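Enquirer: just coords:
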């Protein structure tokens with residue numbers, strides 16, 4: 001790990017979201033979403049990822065339990 005790396009821990013409820021047509025937000029879509037926002041500052045990254053997943057589902061809430069934990073690696077002297 002290096003300074004500036006961001007570690008994201010999450011439950012499967014984050015990518016097992018269903019859209020209005022019954023299609024699931026796949027792991028591949030989740031990875032693509034994360035990659036689209038990876039350059040965002042950490043304080044924006046999680047908001048943008050969650051917003052995109054909610055946009056896919058067209059809902060404000062998740063059906064399954066969702067837990068997301070983020071850790072930014074910082075330099076300590």
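Expert: Here it is on my side, so go on. Here the structure is a predicted model, which means the values were calculated and not measured.

Enquirer: all contacts plus neighbour counts: C-alpha atoms, from now on.
Expert: OK.

Enquirer: can you give me the helices in this protein?
Expert: 27-37, 42-57 (DSSP state H).

Enquirer: do you know how far the residue lying closest to residue 4 once chain neighbours are set aside is from residue 22?
Expert: Spatial nearest neighbour of residue 4, excluding adjacent residues (CA to CA, 6 or more residues apart in numbering): residue 73 at 5.3 Å. Going from residue 73 to residue 22 by CA to CA, to the nearest Å gives 38 Å.

Enquirer: between the two, who's got more neighbours?
Expert: residue 73 (13 against 9; other CA atoms under 10 Å).

Enquirer: Give the phi and psi angles for that one, as a check.
Expert: phi -80, psi 120 (degrees, to the nearest 10).

Enquirer: Dead centre of this structure: give me the residue that sits there.
Expert: residue 49 (4.2 Å; CA atoms, centre = their mean).

Enquirer: Quick one: residues contacting residue 50.
Expert: Residues near residue 50 by CA atoms under 8 Å, 6 or more residues apart in numbering: none.

Enquirer: Quick check: it vs residue 19, distance?
Expert: Remark: distance between residue 50 and residue 19 (CA to CA) = 14 Å.
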